[in-house]
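K.L.:
Provide a 3D model corresponding to the input given below.
(one chain, ligands or ions: 2)
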Amino acid sequence: MKRLPTTFSRTLPQIKPALHGLLDLLFPTFCPACGIPVPHPQLFCFDCIRTLPPLPEHHCLYCGTTTSGPVLGCGSCLLVPNRPDRVCFPFTYTEPIARLIVQFKFSDRTEWAASLIDLAMERVGDLLIWEDLELVVPVPLHPLRLVWRGYNQAALLAGALARRLDRPLVTNGLYRIKMTRPQTRLRQKERLINVRNAFTTHNDVIANRTILLVDDVFTTGSTIWSATRALKKGGARRVVIFCLARVDH
Ligand SMILES: [Zn+2]
Ligand SMILES: [Zn+2]
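P.N.:
Numbering: from 1, shown residues only. Ligands and ions are numbered 1, 2, ... in the order given. This next block holds a predicted model:
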């Protein structure tokens, strides 16, 4: 990648607030939840940030199900081989985050990736920093779906996370080899069958590495668990899952 001239990169942090001020003046942005103006690069206004639901106090470390007390995993996760080593969700899939994710995913609001990750890091940053992560890997789209949609929202989130965590973004370690049907129209059992063996890996890229696997929404987890299994079979040492929001069942 082309490097910025040293003097420019040194002065950039000092001129950033002035640049944001100029952007606010020229291209004002508005909180997508309540419509009031917000300063760059903020996404929601402070009042709406305060209304975001808190994270569950206790949950299964592998699927995120709320539990009544501090346990490692729920009954259905503990016996599953090649499961993720930890899951991390900054938000539950409720308004106003849900609407934002839909627009980010289907309405080309790709510029929101960094702001969404900034907001997420305020809630789960400590947890991610404690994990000894080596690579950041997005859940890939099938190449045909990528051409159709034009971008992979998981890769945009993974890129923003990689920058925040100062870890390499790796897009050639995990591949989708099966054109799956959209999961939203399927029941849980059908979802599992739909994504079974949907992924493969480049083992020399991911073997013996601790990986942060990134996607946007965790519904039943069947897609990201299938990707996790492929990474583990390919030799990954640990797989930590990051999904922006989890659907509360
Ligand atoms: Zn607001
Ligand atoms: Zn569980």
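
K.L.:
Get me the contact residues on this protein for ligand 2.
P.N.:
Residues of the chain lying near ligand 2 by Cβ under 5 Å from the ion: C60, Y62, C63, T65, C74, C77. Where C-beta positions appear, they are placed from N, C-alpha and C, glycine not excepted.

K.L.:
Now list the buried members of those residues.
P.N.:
When the residues of the chain next to ligand 2 are checked for burial by 16 or more other Cβ atoms under 10 Å, the buried set is C60, Y62, C63, T65, C74, C77.

K.L.:
Spatially, which two of these are the most separated?
P.N.:
The most widely separated members of those, counting by Cβ to Cβ, are Y62 and T65 (8.9 Å).

K.L.:
what is in contact with those two at once?
P.N.:
The overlap between the contact sets of Y62 and T65 (Cβ atoms under 8 Å, 6 or more residues apart in numbering) consists of C74.

K.L.:
Please save the CA atoms from stretch 109-125 in CSV.
P.N.:
Extracted C-alpha coordinates of stretch 109-125, given in CSV (Å, rounded to 0.1, in the frame of the first residue of the first chain):
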residue,chain,number,x,y,z
ARG,A,109,-24.3,2.7,3.3
THR,A,110,-20.8,1.3,3.2
GLU,A,111,-19.4,4.4,4.8
TRP,A,112,-21.0,3.4,8.1
ALA,A,113,-18.6,0.5,8.7
ALA,A,114,-16.0,2.4,10.6
SER,A,115,-18.6,4.3,12.8
LEU,A,116,-20.4,1.0,13.6
ILE,A,117,-17.0,-0.5,14.6
ASP,A,118,-16.1,2.5,16.7
LEU,A,119,-19.4,2.2,18.5
ALA,A,120,-18.9,-1.6,18.9
MET,A,121,-15.4,-1.1,20.3
GLU,A,122,-16.8,1.1,23.1
ARG,A,123,-18.9,-1.8,24.2
VAL,A,124,-16.7,-4.9,23.6
GLY,A,125,-13.2,-3.4,22.9
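
K.L.:
Buried residues in it, which are they?
P.N.:
R109, W112, A113, A114, S115, L116, I117, L119, A120, M121, R123.

K.L.:
from what I can see the first one touches Q103, true?
P.N.:
In this case it means R109. Yes: between R109 and Q103 a contact is recorded at 4.7 Å, counting by Cβ atoms under 8 Å.

K.L.:
Please, where are all the helices along this structure?
P.N.:
Counting by DSSP state H, the chain has helices at residues 6-26, 46-51, 75-78, 97-106, 113-130, 143-149, 153-165, 188-195, 203-206, 222-233.

K.L.:
which other residues reach the fourth one?
P.N.:
The set of residues external to helix 97-106 that reach it, using Cβ under 8 Å, 6+ apart, is 32-33, 43, 52, 91, 93, 109-110, 112-113, 116, 153, 216-217, 244-245.
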